[in-house]
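# Build me a model from this:
(chains A, B, C and D)
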Number of protein chains: 2
Amino acid sequence: MKSTVISAAAVPPALPGAARPAGPGLPDFELIELLFFAYRDFVGEPDRLLAKHGFGRAHHRVIHFINRHPGLTVAELLDILEITKQSLARVLKDLIQGDFVEQKAGAEDRRQRLLFLTDKGRALADGLAAMQHQRIARAVMAIGPEHRPMIARFLAELIDKERGAAPATASPVP
Amino acid sequence: MKSTVISAAAVPPALPGAARPAGPGLPDFELIELLFFAYRDFVGEPDRLLAKHGFGRAHHRVIHFINRHPGLTVAELLDILEITKQSLARVLKDLIQGDFVEQKAGAEDRRQRLLFLTDKGRALADGLAAMQHQRIARAVMAIGPEHRPMIARFLAELIDKERGAAPATASPVP
DNA sequence: AAAATTACGTCAATGATGTTGACATATTTC
DNA sequence: GAAATATGTCAACATCATTGACGTAATTTT
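Residues are numbered from 1 along each chain as shown, chains lettered A, B, ... in the order given. Here you go, the predicted model:
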């Protein structure tokens, strides 16, 4: 074989030149790439557990937010996920048929379908959350837990601000 | 109309209960969700620029890494992206036909196809990087630039370590 | 009470991105 | 010359998203 120095290219966090602290006008390639690789692994581990149930990332997001907000309506879930109801319908059908999620008609407004996790669904949601929690907890330990608020602040600042706040912005659902 | 308090559910960073600082045994839902929303917006803005060229996220990643490592081989790019050559082939074909990327046979090993951006490709790559840079720079400003190394450290800790098999980081103890 | 709106579901077609598996071609190495 | 390597390509398929159209039940408006 040739001296095919595959280079450090295969090693995400150690890309050559990545350590330069955001020069003058140069994009912050280090953080841009770290976000890419970090997020990939952050969702990659749950993906493998989900696959054992025949589920994907979309199913993860749905059971996560139902777990977080039991009794969520379909419309509210669509607002959070920012997908179409047709996209949601597919994964929701899988989750209901697999007995991970159940629907109850709203008490006040009986058109609404309130979403709840079954015990089975909660077990899966907890398992997935535990994976992601542990990964985050390890990273928080590494930087020192006193710096966790700064991580939260940083991530919050990455989020588009004009979205929530007011119902002024028309919801994209036709 | 009913008093349909659509709730704060549509407002990612202000989900009720999200502010609790990782209780005893409870998953760190705040950071888990912040990562989700932050990454979505982080890639969402570039997506809209890419769409004007008829491209998607996969094209973004390809031109990003070719921009970062001009002369990269196809095999190295596959290692970084962790996708199959068939997946890469499709987007690479788009980029080459659109004159954003060009290939040159390797000087030493003429089987290799070294990948370079054209001026057009570099312009697009720079535009995309500028978007992501500005978003990150804003967030770094918000927390104070002196804390940027902690962000980098945190994100690096989220990444799977066993992948590289590279000499770069300390070898995993014999 | 009739009409309009809302919440949700569903059918159908399409696109972007990923996968496996098989095979071809050129080049380099043994 | 044979074997291994780097790349390309054809074909089938899965997941997750989209748009558009239509239907049904329940609520609100008039």
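
# which SSE is the residue minimising distance to the centre of chain A in?
Taking CA atoms, centre = their mean, the centroid of chain A lies closest to A:Arg61, which sits 6.2 Å from it. Under the criterion of DSSP states H and E, A:Arg61 resides in helix A:57-68.

# buried residues in that helix?
A:58-68 (16 or more other CB atoms under 10 Å in any protein chain shown). C-beta here means a position set from N, CA and C on the backbone, and glycine is covered the same way.

# circling back: so the residue nearest to the centre of chain A versus A:Ile80, what's the distance?
9 Å (CB to CB, to the nearest Å).

# now A:Met131
On the measure of CB to CB, A:Met131 and A:Ile80 end up 21 Å apart.

# Neighbour count: the two, which is higher?
A:Ile80 (24 against 18; other CB atoms under 10 Å in any protein chain shown).

# part of a helix, is A:Arg111?
No. Secondary structure of A:Arg111 (DSSP: H, G, I helix; E, B strand; the rest coil): coil, not part of a helix.

# Enumerate every residue touching it.
Applying CB atoms under 8 Å, 6 or more residues apart in numbering or on different chains, one finds that A:Arg111 lies in contact with A:Ala105.

# could the buried residues of helix A:57-68 go into CSV alongside pLDDT and distance to DNA strand C?
Output for these, formatted as CSV (pLDDT from 0 to 100; distance: CB to the nearest atom of the strand, whole Å):
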residue, pLDDT, distance to DNA strand C
A:Ala58, 97, 11
A:His59, 97, 15
A:His60, 97, 16
A:Arg61, 98, 16
A:Val62, 98, 12
A:Ile63, 97, 15
A:His64, 98, 18
A:Phe65, 98, 14
A:Ile66, 98, 12
A:Asn67, 97, 18
A:Arg68, 97, 17
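
# Just flag the most distant two among the residues you listed.
Farthest pair in the buried residues of helix A:57-68 (CB to CB) is A:Ala58 and A:Arg68. Separation: 16.2 Å.

# got the residue ranges for the strands in chain A?
A:72-73, A:101-105, A:113-117 (DSSP state E).

# Remind me what the first one packs against, helices and strands.
Of the remaining helices and strands, those touching strand A:72-73 by 3 or more CB pairs under 8 Å, 6 or more residues apart in numbering or on different chains; DSSP states H and E are strand A:113-117.

# what about the strand it packs on and DNA strand C, touching?
Yes. Under the criterion of CB under 7 Å from any atom of the strand, DNA strand C is reached by strand A:113-117 at A:Arg113.

# So what touches that strand?
By CB under 8 Å, 6+ apart, strand A:113-117 touches A:63, A:66-67, A:70-74, A:77, A:92, A:100-106, A:125.
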